[in-house]
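> sequence first, then the predicted structure, then my questions.
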Amino acid sequence: MNKRTMLKSLTSWLAATVLPAAAVAAPPFPLKKTAAEWRKLVPSAAYAVLFEHGTERAGSSPLNAEKRQGTFVCAACFQPLFDAAHKYESGTGWPSFWQPLAGALGTSTDFKLIYPRTEYHCAHCGGHQGHVFNDGPPPTGKRYCNNGVALAFVPRGETLPALRS
Ligand SMILES: [Zn+2]
């Protein structure tokens, strides 16, 4: 790798990971509930991911194989997060999308694996959903790697659940 390509890859790495995340301040979430309230509303496996930043075991979610048209909503507050048209098979064992619904997600940076990763969460309740990477397919090149347990699937034609308040 010569100096120019090294600089180029460093710059694109910075632009892709550090800069956008650092520019985003943690927003206040419209829906605020205490830990005790959420524990009553969501199953413990979902709670661990949504509110304790856990990660489900790869390949464990039935939503990996979900291929129908429809909408993926936040398992905590039911805000629509992804359209099934933007789901693809990433081979990672986690439901993967190349684009979220407009305004559905917020992001922040975590350093759990030493290098910074962009964590994203439901913009309505703040529930942690997954991480976004820059190795996704066109047209965005993004891979939203989502915990299936943090989502619920609503097939097209079925009524979306009312947003929790
Ligand atoms: Zn939510």
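That came through fine.

> which residues does stretch 35-46 contact?
For stretch 35-46, contacts defined as C-beta atoms under 8 Å, 6 or more residues apart in numbering pick out 33, 47, 50, 51, 56, 75, 76, 149, 150, 164. (C-beta placed from N, C-alpha, C; glycine too.)

> okay, and which of those map to strands?
Judged by DSSP state E, strands contain none of the contacts of stretch 35-46.

> filter the residues you listed down to the buried ones.
33, 47, 50, 51, 56, 75, 76, 149, 150 (16 or more other C-beta atoms under 10 Å).

> and of those, the nearest to the ion?
residue 76 (4.5 Å; C-beta to the ion).

> excluding its backbone neighbours, what's nearest that closest one?
The shortest distance from residue 76 to any non-neighbouring residue, by C-beta to C-beta, 6 or more residues apart in numbering, is to residue 127 (4.2 Å).

> give the contact list for the one you found.
Contacts of residue 127 (C-beta under 8 Å, 6+ apart): 50, 51, 74, 75, 76, 77, 121, 150.

> same for the ion: which of those residues are within range?
Filtering the contacts of residue 127 for neighbours of the ion using C-beta under 5 Å from the ion leaves 74, 76, 77.
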